[in-house]
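Novice: here is a sequence together with a model predicted from it:
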2 protein chains.
Amino acid sequence: MGKFYSINGEIMEAEHAKLHVSDLSILRGFGIFDFFRTSRGKLLFLDDYLARFRRSTQIFNFFHDYTDAFIKSHVLKLIELNGYKESSVKMIMTGGYSHNGFEPTTPNLIIQVEPLKFPDKRYYTDGAKLITHKYVREFPEVKSTNYLTAIMLSGKCKTENALDVLYHDGKIVSEVTRSNFFIVKGKKIITAKTGILKGITRGKVIRLAKEHYEVEERNLLVEELEAADEAFITSTNKRIMPITQIDNYKIGDGNVGKVSKHLMALFFELEEAQ
Amino acid sequence: MGKFYSINGEIMEAEHAKLHVSDLSILRGFGIFDFFRTSRGKLLFLDDYLARFRRSTQIFNFFHDYTDAFIKSHVLKLIELNGYKESSVKMIMTGGYSHNGFEPTTPNLIIQVEPLKFPDKRYYTDGAKLITHKYVREFPEVKSTNYLTAIMLSGKCKTENALDVLYHDGKIVSEVTRSNFFIVKGKKIITAKTGILKGITRGKVIRLAKEHYEVEERNLLVEELEAADEAFITSTNKRIMPITQIDNYKIGDGNVGKVSKHLMALFFELEEAQ
């Protein structure tokens, strides 16, 4: 746990950051969030994250007065107070303290700062395994706090020695529980265009990839997975992570592929240049 | 808001009932609940609700030490302290204070007691309107706190002057956001058997109805709705509420039907006899 959090703009010791139980996140799972991080102490791609957070609040009709400028300076203050070398930041906005346990009211804004953690390095050298599951997220374009299915599947991940779960609707592949998903097939890089949370890292990777490869944003079919040459996932605290197994089949020769390695290097360069 | 709530067995003034923001209900919408009420001061069908709550905790792998006997005596104490003529009780169990914002830990148990409220009487004399929406609840047999879709549709309900939303999967009708759904067709009463939360009131109504009518628990098709003679919904704080309109068509002649009235009377008798 970080040292200092904030609730509705008020900074406090993290242990005192509490919400009343009438909050709709507790009673009705009604909340959104976003998650970003620093790179060499600087907030990476912050404007993109703030824009996405704002879009989530708009789609869920959260009426609030927080400007991007306020959030920015407030997050910077919190990061400074916490004093970590590198930080991750989670902003959560909830449906607020409801009078009747159902109707949203003035939202509550929680900001948590934690020391930044990356996944184990072996995932990047050896590649990770995904298992597939038929599931379509509600409001996939919104970073809502609903992770019921993901949490319920985490036991299965452990049993099957998988990093995470790849969702599909029976036909079309969408996304991983907290990452976007890509395959490489020949000279093409393919990733879902709709029905997903549009990751900030995903957007950066697509832009980088387009300088060197053909990128197709389109419906990716489940039946295309097994024939993929390479696969990888992207997220804020994973960057680009290679996938070398899905369910019981290897991707390509089961090793981290050339294109994945190339993109991983390009992304590091991009991050360094910020 | 009630006067006294409890968290993890500790009774406190309701305004002080708070959860730390690391709770998984806030971060990941990971929680279950149940809701019951008194009738002439006595907890109505309590054992049924406690059994369902326990099933929900088991399906979600919530490991806790609360026995039914403890919950019972604790709820009675809370009801006495609050001192309302009739009370509603909400028990919420959350995924607990997570170390990493994803993995469940020791659950938190919140109990809220409020003065009991029933819907406006006109719904029972005139009948209510439902609108339909294609949606399948995740883990429908669990009373989870995930009400994203229901809350997002509450604006549409207001616009369309509807009480609530009837879910279907495009073909099969399941349930209303917080109620079970029945139709009457000729001498038969039909309601969904699977893919729903099995309401305690639903179970009591089915048992009552079987003494007088033929009851079919089976897949109810969307195309059967328009031809229904009567329709009604059941829930803890609605008892049996007649439905006289769905979307833009009337049910039967648009008035509360004979069978609905009969069952409403039988349910009152059952409640009185407890």
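Specialist: Looks like it came in fine.

Novice: check contacts around A:Val256.
Specialist: With Cβ atoms under 8 Å, 6 or more residues apart in numbering or on different chains as the criterion, the residues that contact A:Val256 are A:124-127, A:230, A:242, A:244. Bear in mind the C-beta positions are built from the backbone N, C-alpha and C, glycine included.

Novice: check A:Ile131 too.
Specialist: A:153, A:156-157, A:160, A:162, A:165-166, A:246-247.

Novice: separate out the buried members of these.
Specialist: Among the contacts of A:Ile131, those buried by neighbour count (16 or more other Cβ atoms under 10 Å in any protein chain shown) are A:153, A:157, A:162, A:165-166, A:246.

Novice: next, format the residues you listed as a markdown table and append secondary structure.
Specialist: Shown next, in a markdown table, are these (DSSP: H, G, I helix; E, B strand; the rest coil):
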| residue | secondary structure |
| --- | --- |
| A:Leu153 | helix |
| A:Cys157 | helix |
| A:Ala162 | coil |
| A:Val165 | strand |
| A:Leu166 | strand |
| A:Ile246 | strand |
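
Novice: before we move on, back to that, check the contacts of A:Val256 against B:Asp23 and report the nearest one.
Specialist: Taking Cβ to Cβ as the measure, B:Asp23 lies nearest A:Tyr124 of the contacts of A:Val256, at 32.1 Å.

Novice: tell me how far that closest one lies from chain B.
Specialist: 20 Å (Cβ to the nearest Cβ, to the nearest Å).

Novice: surely that residue is in a helix?
Specialist: Yes: counting by three-state DSSP, A:Tyr124 is part of a helix.

Novice: please verify my assumption that it contacts A:Lys261.
Specialist: No: A:Tyr124 is not in contact with A:Lys261 according to Cβ atoms under 8 Å; the separation is 9.4 Å.

Novice: next, show the common contact partners of the two.
Specialist: A:Pro242.

Novice: assumed A:Lys158 was part of a helix.
Specialist: Yes: with three-state DSSP as the criterion, A:Lys158 is part of a helix.

Novice: quick one, grab the pLDDT at it.
Specialist: Model confidence at A:Lys158, expressed as pLDDT, equals 97.

Novice: please report how far it lies from B:Glu103.
Specialist: 10 Å (Cβ to Cβ, to the nearest Å).

Novice: which one's more surrounded, these two?
Specialist: Higher neighbour count among A:Lys158 and B:Glu103: B:Glu103, with 13 against 9, using other Cβ atoms under 10 Å in any protein chain shown.

Novice: the residue lying closest to that one once chain neighbours are set aside: neighbour count?
Specialist: Among residues not flanking B:Glu103 along the chain, A:Ser154 sits closest, at 7.1 Å (Cβ to Cβ, 6 or more residues apart in numbering or on different chains). As a burial measure, A:Ser154 scores 18 neighbours (other Cβ under 10 Å).

Novice: same check, this time on A:Arg55
Specialist: There are 16 residues near A:Arg55, going by other Cβ under 10 Å.

Novice: same check on A:Phe182?
Specialist: A:Phe182, neighbours per other Cβ under 10 Å, totals 26.

Novice: do the same with the one 3 residues further on
Specialist: Here the number of neighbours of A:Lys185 (other Cβ under 10 Å) works out to 16.

Novice: tell me the pLDDT of it.
Specialist: Predicted confidence (pLDDT) for A:Lys185: 98.

Novice: wait, what's in contact with it?
Specialist: A:224, A:227-229.

Novice: run the last query once more with 7 Å
Specialist: A:Lys185 is in contact with A:227-229, counting by Cβ atoms under 7 Å, 6 or more residues apart in numbering or on different chains.

Novice: then A:Asp120?
Specialist: Per Cβ under 7 Å, 6+ apart, neighbours of A:Asp120: none.

Novice: any idea how far chain B is from it?
Specialist: 14 Å.

Novice: give me the secondary structure label for that residue.
Specialist: coil.

Novice: and A:Leu130, by the same measure?
Specialist: A:Leu130 - assigned by three-state DSSP - is strand.

Novice: what sits closest to it if chain neighbours are left out?
Specialist: A:Leu166 (4.5 Å).

Novice: OK, contacts around that neighbour?
Specialist: By Cβ under 7 Å, 6+ apart, the residues touching A:Leu166 are A:130, A:132, A:173, A:176, A:181, A:246.

Novice: same thing but 10 Å
Specialist: A:Leu166 makes contact with A:130-133, A:135, A:173-177, A:179, A:181, A:222, A:225, A:231, A:233, A:243, A:246-247, according to Cβ atoms under 10 Å, 6 or more residues apart in numbering or on different chains.

Novice: and whatever helix or strand A:Phe70 lives in, what does it pack against?
Specialist: With elements taken from DSSP states H and E, the one containing A:Phe70 is helix A:68-82. When contacts are defined as 3 or more Cβ pairs under 10 Å, 6 or more residues apart in numbering or on different chains; DSSP states H and E, helix A:68-82 sits against strand A:4-7, strand A:10-13, strand A:31-39, strand A:42-43, helix A:46-59, strand A:87-94, strand A:108-115.

Novice: one more time with 7 Å, if that's ok
Specialist: Counting contacts by 3 or more Cβ pairs under 7 Å, 6 or more residues apart in numbering or on different chains; DSSP states H and E, helix A:68-82 packs against strand A:4-7, helix A:46-59, strand A:108-115.

Novice: just checking, what packs against the first one?
Specialist: With contacts taken as 3+ Cβ pairs under 7 Å, 6+ apart, strand A:4-7 sits against strand A:10-13, helix A:68-82, strand A:108-115.

Novice: can I get the ones you listed in TSV including mean pLDDT?
Specialist: Shown next, in TSV, are these (pLDDT from 0 to 100):
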stretch	mean pLDDT
strand A:10-13	98
helix A:68-82	98
strand A:108-115	98
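
Novice: among the ones you listed, which is the most enclosed?
Specialist: Comparing the helices and strands packed on strand A:4-7 by mean neighbour count (mean count of other Cβ atoms under 10 Å in any protein chain shown), strand A:108-115 comes out on top with a mean of 22.

Novice: pull up the pairing partners for that strand, direction included.
Specialist: strand A:4-7 (antiparallel), strand A:87-94 (antiparallel) (DSSP bridges).

Novice: what number of residues lie near the residue in chain A that chain B sits nearest to?
Specialist: In chain A, the residue that lies nearest chain B is A:Gly29 (3.3 Å; Cβ to the nearest Cβ). Residue neighbour count, defined by other Cβ under 10 Å, stands at 26 for A:Gly29.

Novice: looking at it, it is touching B:Ile151, isn't it?
Specialist: No: because the distance of 9.0 Å does not satisfy Cβ atoms under 7 Å, A:Gly29 is recorded as not touching B:Ile151.

Novice: before we move on, back to that, would you tell me which one of the strands paired with strand A:108-115 is buried the most?
Specialist: The most buried one of the strands paired with strand A:108-115 (mean count of other Cβ under 10 Å) is strand A:87-94, showing a mean of 23.

Novice: ok, of the buried ones among the contacts of A:Ile131, which one's closest to A:His99?
Specialist: A:Leu153 (35.2 Å).

Novice: gap between the closest one and A:Val165?
Specialist: 5 Å.

Novice: quick check: neighbours shared by these two?
Specialist: A:His133.

Novice: report the beta-bridge partners for the nearest residue to A:Arg137 once chain neighbours are set aside.
Specialist: Excluding the flanking residues, the one nearest A:Arg137 by Cβ to Cβ, 6+ apart is A:Tyr167, at 7.0 Å. Applying DSSP bridges to A:Tyr167 gives these bridge partners: A:His133.
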